[in-house]
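A.B. asks: Only the shape, not the letters, is given here:
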């Protein structure tokens, strides 16, 4: 029987963060490395922010996720802030230059109200002129 911790471990294996590989990791990593302060909304196990530190990012990095099992894995690095919360409940005000919501995170926003509350939360955490990059999946698209 799988535990929630097992699922978090499998996520890392099935969704590696490789800025040099195929996929969108390079797109996000470039913007993360250019920003002094970064919030990863729906950070999961923290792979994007771990990679940023490994690549030499010296600024403020914070990860936000409602899943405590994923955050337990993310907290393997203690030089990054990790907060258990949703975007709608983000505890900061105008503190970040860049926020990202990568991969599967946007899919967790089920209702229009979820989307509105999350986007408002991201807006609150960004400084004037801050940027937000995210992706969504088209629900009718098939691989």
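C.D. replies: The structure has been received and is ready for your questions. These figures come from a predicted structure and were not determined experimentally.
A.B. asks: is it true that residue 93 touches residue 125?
C.D. replies: Yes: with contact defined as CB atoms under 8 Å, residue 93 and residue 125 form a contacting pair (7.0 Å). No exception for glycine: its C-beta is placed from N, CA and C like everyone else's.
A.B. asks: Could you list the buried residues of the longest strand along the chain?
C.D. replies: Of all segments of type strand in the chain, defined using DSSP state E, the longest is strand 126-134. For strand 126-134, burial by neighbour count (16 or more other CB atoms under 10 Å) applies to 126, 130, 132, 134.
A.B. asks: for stretch 18-36, same thing?
C.D. replies: Going by 16+ other CB under 10 Å, stretch 18-36 has these buried residues: 19, 25, 28, 29, 32, 33, 35.
A.B. asks: Give the rounded mean pLDDT of it.
C.D. replies: Averaging pLDDT along stretch 18-36 gives 92.
A.B. asks: what's that stretch in contact with?
C.D. replies: 17, 38, 48-49, 51-52, 55-57, 59-60, 96-98, 100, 102-103, 131, 133, 135 (CB atoms under 8 Å, 6 or more residues apart in numbering).
A.B. asks: repeat for stretch 101-121
C.D. replies: 15, 24, 28, 40-42, 44, 48, 86-90, 122, 132-137.
A.B. asks: The same query, at a cut-off of 10 Å, please.
C.D. replies: 11, 15, 17, 23-25, 27-28, 32, 39-44, 47-48, 64-67, 85-92, 99, 122, 132-137, 139 (CB atoms under 10 Å, 6 or more residues apart in numbering).
A.B. asks: Which of those fall in strands?
C.D. replies: 39, 40, 41, 64, 65, 99, 132, 133, 134.
A.B. asks: okay, now the nearest residue to the last one once chain neighbours are set aside: neighbour count?
C.D. replies: In space, residue 134 comes closest to residue 101 once its chain neighbours are excluded; the distance is 3.8 Å by CB to CB, 6 or more residues apart in numbering. By the criterion of other CB atoms under 10 Å, residue 101 has 25 neighbours.
A.B. asks: ditto for the one 10 residues further on
C.D. replies: If you count neighbours by other CB under 10 Å, residue 111 ends up with 8.
A.B. asks: ok, and what's touching the helix or strand bottoming out on mean pLDDT in the chain?
C.D. replies: The weakest-scoring helix or strand in the chain, judged by mean pLDDT, DSSP states H and E, is helix 4-14 (a mean of 77). For helix 4-14, contacts defined as CB under 10 Å, 6+ apart pick out 2-3, 44-47, 50, 67-74, 103-104.
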